[in-house]
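> Provided below for reference: sequence and predicted model.
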Amino acid sequence: MDQIDQQIVRILQDDARIPWSELGRQIGLSAPAVIERVRKMEDAGIIEGFRAVINPEALAQELLAVVMFEETRCAGLIEFCKGHPEVVECHRLTGSYNFMVKLQTASVATLERFSMMHRSTANRRPGFGCRRQCRSRDIRYDGSDTCTD
């Protein structure tokens, strides 16, 4: 990846719907040259896709929670998470807790149901751990802060 490719990636991360002609104008290339570079980065696996950023509040999914699991049945937890649409991310970790699951849901009651369902389907061992945290405000990767103090 050269410097131009890096510029293209930064611009696309900010606005994946930018017209090719505008992207080319910003970096000093023609639209066909930009398209060719983007396709090469897709073929190389650098760009995996283009996604929409969804406003969870508009879908009445205002509660964002992070649940940390100390789990011995790794495959079981992964399968459990795949079966729950409120799970938006699942990460394998090192340290005390070996999984971090991020949920976007409508309420604390829904979060509790998720936790209770997991508890009822998983084999527990002594010392099993689960810790939940809920979002208080968003600070986005671009530095914008959605919380007004």
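Yep, that arrived. Remember, it's a predicted structure, so these values are computed and weren't measured experimentally.
> got the contact list for Val9?
With contact taken as Cβ atoms under 8 Å, 6 or more residues apart in numbering, Val9 is in contact with Met1, Met41, Ile46, Ile47. (C-beta placed from N, C-alpha, C; glycine too.)
> actually Ile4, not the one I wrote
Ile27, Leu29, Arg37 are the contacts of Ile4 under Cβ under 8 Å, 6+ apart.
> surely the first one meets Gln6?
Spelled out, that is Ile27. No - Ile27 is not in contact with Gln6 according to Cβ atoms under 8 Å; the separation is 10.0 Å.
> Between those two, point out the one with more neighbours.
More neighbours surround Ile27 than the other of Ile27 and Gln6, with 16 against 10 (other Cβ atoms under 10 Å).
> Skipping adjacent residues, who's closest to the more buried one in space?
Nearest residue to Ile27, sequence neighbours excluded (Cβ to Cβ, 6 or more residues apart in numbering): Gln7, at 5.0 Å.
> Tell me the buried residues in the one helix or strand Val9 maps to?
Here Val9 sits within helix 3-14, counting by DSSP states H and E. Neighbour-count burial for helix 3-14 flags Asp5, Gln7, Ile8, Val9, Ile11, Leu12 (criterion: 16 or more other Cβ atoms under 10 Å).
> which stretches of the chain form helices?
Using DSSP state H, the helices of the chain run over 3-14, 20-27, 31-43, 74-82, 108-121.
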